[in-house]
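Visitor: make a model of this:
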Amino acid sequence: MVAWDIVGFLDRFRRRPDGGLPSPEVAALCERLRHPDWQERAAAAQALGELGGGAEAAVPALEEAISDDHGDVCLAASAALSRIRSASH
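Guide: Residues are numbered from 1 along each chain as shown. Predicted coordinates:
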């Protein structure tokens, strides 16, 4: 079982800089990052990366996913973070 803290969990749904909540799509993809199947987690990370700056609220969840037990999830999360941060600047 993976240990996690409530602050880290709630941080995934933090408000965006514009004051709005993350889109339902981003929130659902963040939840998929916790799926038991590594392929689902990797696909969720990839999908978040494809959203670019629109997935900025997913940064904490992706940062957590970088330490996933499966290397493909780690790589997908890292690539997604790179795309999101590039689009946000």
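Visitor: would you mind identifying the next helix or strand past the worst-scoring helix or strand of the chain on mean pLDDT?
Guide: Across the helices and strands of the chain, mean confidence by mean pLDDT, DSSP states H and E is lowest for helix 6-11: a mean of 48. Going down the chain from helix 6-11, the next helix or strand is helix 24-32, by DSSP states H and E.
Visitor: buried ones in the helix or strand following that following helix?
Guide: Note on helix 24-32: by DSSP H and E, the next helix or strand toward the C-terminus is helix 38-51. Neighbour-count burial for helix 38-51 flags Arg41, Ala42, Ala43, Ala44, Ala45, Gln46, Ala47, Leu48, Gly49, Leu51 (criterion: 16 or more other C-beta atoms under 10 Å). From N, CA and C alone the C-beta is placed, and that goes for glycine too.
Visitor: what does stretch 59-78 give?
Guide: For stretch 59-78, by 16+ other C-beta under 10 Å, it's Val59, Pro60, Ala61, Leu62, Glu64, Ala65, Asp68, Val73, Cys74, Ala76, Ala77, Ser78.
Visitor: for the helix or strand hosting Arg83, packing partners?
Guide: Using DSSP H and E, the element containing Arg83 is helix 71-88. For helix 71-88, the packing partners by 3 or more C-beta pairs under 8 Å, 6 or more residues apart in numbering; DSSP states H and E come out as helix 38-51, helix 59-65.
Visitor: next, the angle helix 71-88 makes with the longest one.
Guide: Here the directions of helix 38-51 and helix 71-88 differ by 10 degrees (axes from the mean of the first three to the mean of the last three C-alpha atoms, to 10 degrees).
Visitor: tell me the mean pLDDT for helix 38-51?
Guide: For helix 38-51, mean pLDDT rounds to 97.
Visitor: same for it, what does it pack against?
Guide: Going by 3+ C-beta pairs under 8 Å, 6+ apart, helix 38-51 lies up against helix 24-32, helix 59-65, helix 71-88.
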